[in-house]
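Trainee: Predicted coordinates and the sequence they were generated for:
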Amino acid sequence: MAGWPLLRYTIRTLLAAWLLISSLFLLSRANTDQDTFLQNSTEGNGRLLSAADQVRTTQQLLRRYGLDMPLFYVTLDSAAASGRLAWRWHGTRNQYHQWFRQLLAGDLGTSYRDGAPVTEILGRSLSYTLPLTLLAALVSTGLTLGLVLWLSYRPRWRSIWLSGLHFLQALPLFLLATGLLLLLANPDVLAWFPAFGLGLEDEAVAWWQQPGRLLYFLTLPALSLVLVTVPGLVVQLNGTLQRELQQPYIATARAKGAGSSRVVRHHALRNALLPTIALLSALFPNLVAGATIVEVLFALPGMGRLLADSAAAQDYPVLLAAVGLVALVRVAAQVLADALYLALDPRIRMHA
């Protein structure tokens, strides 16, 4: 029954994610401006519509996207006879029921803006965001462990490095990314990297050159995410590691003849990682959220640009799916953190 607490926690977090996504759906549909929606849906039509055709087109669009139905199972309407507010039951013919039924079937709906399936739009955006966030996550994790171990062997440099990391931690992501852009992608300073895009408009390259070209264009965006992520992780892990090195079991290990490297790597680091797991579990969701700023700044066609464009155009099906995906990533990260706690400290399993 050791896995039952983890399963119970997973169910609880999934319910929380469902409530969050449902609330976002109801709020977005309740605030949908039908005039803006109809304008975005009919733009580019190229011809003027008569009054009758406009009414007919409006009804067809509202029926197509399910906006002609009530929002929820019950609504608060005014009674025609008395003029007082009263609850009205609509049954399953409502927007929320239809949306949730489609969601369970894997259908995220259709974009208001271009009429394409939301899953197709998300897939295209994720093909650019995933390489960026995975690269930043791997580099951040490896750099954090390497830097903390290096500082543990060189205590004279620790205060200098930590002061620099504290300063770097105080800088916002937008400022860091803009600084890198002006410093390393500026013809007046250093034009080492491209300032925007992924080079998709350039001539085609061989398949074996594509990973290197993608890495070249993702260097500054990924470096921006790394610089805003690593300082907090290093400060947290270094503090817990230094506390572990003062524990009695470390003195016992040294008395048995264990060297500094073995004491740190095989004894102290394992226990020091426990408080840092909470930060590591939030690493990927935070990177996905940070990618919104970075992708807009570097003009990358990923989830960040998709969220910004969908919010500006009131394309709520795409916006809701993207925000729901971020929420599910956070839920998965929390479940992974619990699994890591159980793997690193067996005592947790006894008290779960």
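Mentor: Sure, I can see it.
Trainee: Which secondary structure state is assigned to V296?
Mentor: Here V296 is helix, with the state taken from DSSP: H, G, I helix; E, B strand; the rest coil.
Trainee: Same check on the one 5 residues further on?
Mentor: The assignment at P301 comes out as coil when based on three-state DSSP.
Trainee: Looking at it now. What's its pLDDT?
Mentor: Listed pLDDT for P301 reads 81.
Trainee: I'd say it and S125 touch.
Mentor: Yes - counting by C-beta atoms under 8 Å, S125 is a contact partner of P301 at 6.9 Å. (C-beta placed from N, C-alpha, C; glycine too.)
Trainee: ok, these two, which is more surrounded?
Mentor: A direct count of neighbours by other C-beta atoms under 10 Å for P301 and S125 places S125 higher, at 22 against 17.
Trainee: packing partners for the host helix or strand of that one?
Mentor: S125 belongs to helix 118-153 when assigned by DSSP states H and E. Counting contacts by 3 or more C-beta pairs under 8 Å, 6 or more residues apart in numbering; DSSP states H and E, helix 118-153 is packed against helix 158-169, helix 210-244, helix 283-297, helix 303-312, helix 316-344.
Trainee: and among those helices, the most buried is which?
Mentor: Of these, the one with the most neighbours on average (mean count of other C-beta atoms under 10 Å) is helix 283-297, at a mean of 22.
Trainee: Pull up the pairing partners for the helix or strand harbouring A86, direction included.
Mentor: Element membership of A86, judged by DSSP H and E, is strand 85-89. Strand pairing for strand 85-89, determined by DSSP bridges: strand 74-78 (antiparallel).
Trainee: contact partners of the partner strand?
Mentor: R84, L85, A86, W87, R88, W89, H90 (C-beta atoms under 8 Å, 6 or more residues apart in numbering).
Trainee: Beta-bridge partners for the fifth one, please?
Mentor: With DSSP bridges applied, the residues forming beta bridges to R88 are T75.
Trainee: quick one: contacts for it?
Mentor: V74, T75, L76, D77.
Trainee: And stretch 103-115, what's buried?
Mentor: L103, L108, G109, T110, S111, Y112, R113 (16 or more other C-beta atoms under 10 Å).
Trainee: can you redo these as a markdown table with pLDDT?
Mentor: As requested, the buried residues of stretch 103-115 are arranged in a markdown table below (pLDDT from 0 to 100):
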| residue | pLDDT |
| --- | --- |
| L103 | 84 |
| L108 | 83 |
| G109 | 82 |
| T110 | 82 |
| S111 | 83 |
| Y112 | 77 |
| R113 | 78 |
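Trainee: Which of these sits closest to V235?
Mentor: L108 (39.1 Å; C-beta to C-beta).
Trainee: How much space separates that closest one from A185?
Mentor: Distance, L108 to A185, using C-beta to C-beta, to the nearest Å: 35 Å.
Trainee: P155 too?
Mentor: 37 Å.
Trainee: who's more crowded, these two?
Mentor: A185 (18 against 9).
Trainee: leaving aside the residues next to it on the chain, what's closest to the more buried one?
Mentor: Closest residue in space to A185, ignoring its immediate chain neighbours: A195 at 4.1 Å, by C-beta to C-beta, 6 or more residues apart in numbering.
Trainee: Might one say that V230 is in contact with T141?
Mentor: No - the pair V230 / T141 is not scored as a contact, 9.2 Å apart, by C-beta under 8 Å.
Trainee: Overlap of the contact sets of the two?
Mentor: By C-beta under 8 Å, 6+ apart, no residue touches both V230 and T141.
Trainee: Backbone dihedrals for A185, please?
Mentor: Main-chain torsions, A185, degrees, to the nearest 10: phi -130, psi 30.
Trainee: That one and P194 touch, don't they?
Mentor: Yes - counting by C-beta under 8 Å, P194 is a contact partner of A185 at 6.3 Å.
Trainee: shaky segments in the stretch 251-352 of the chain?
Mentor: 281, 344-352 (pLDDT under 70).
Trainee: could you redo the last one with a cut-off of 50?
Mentor: For the stretch 251-352 of the chain, applying pLDDT under 50 flags the ranges 350-352.
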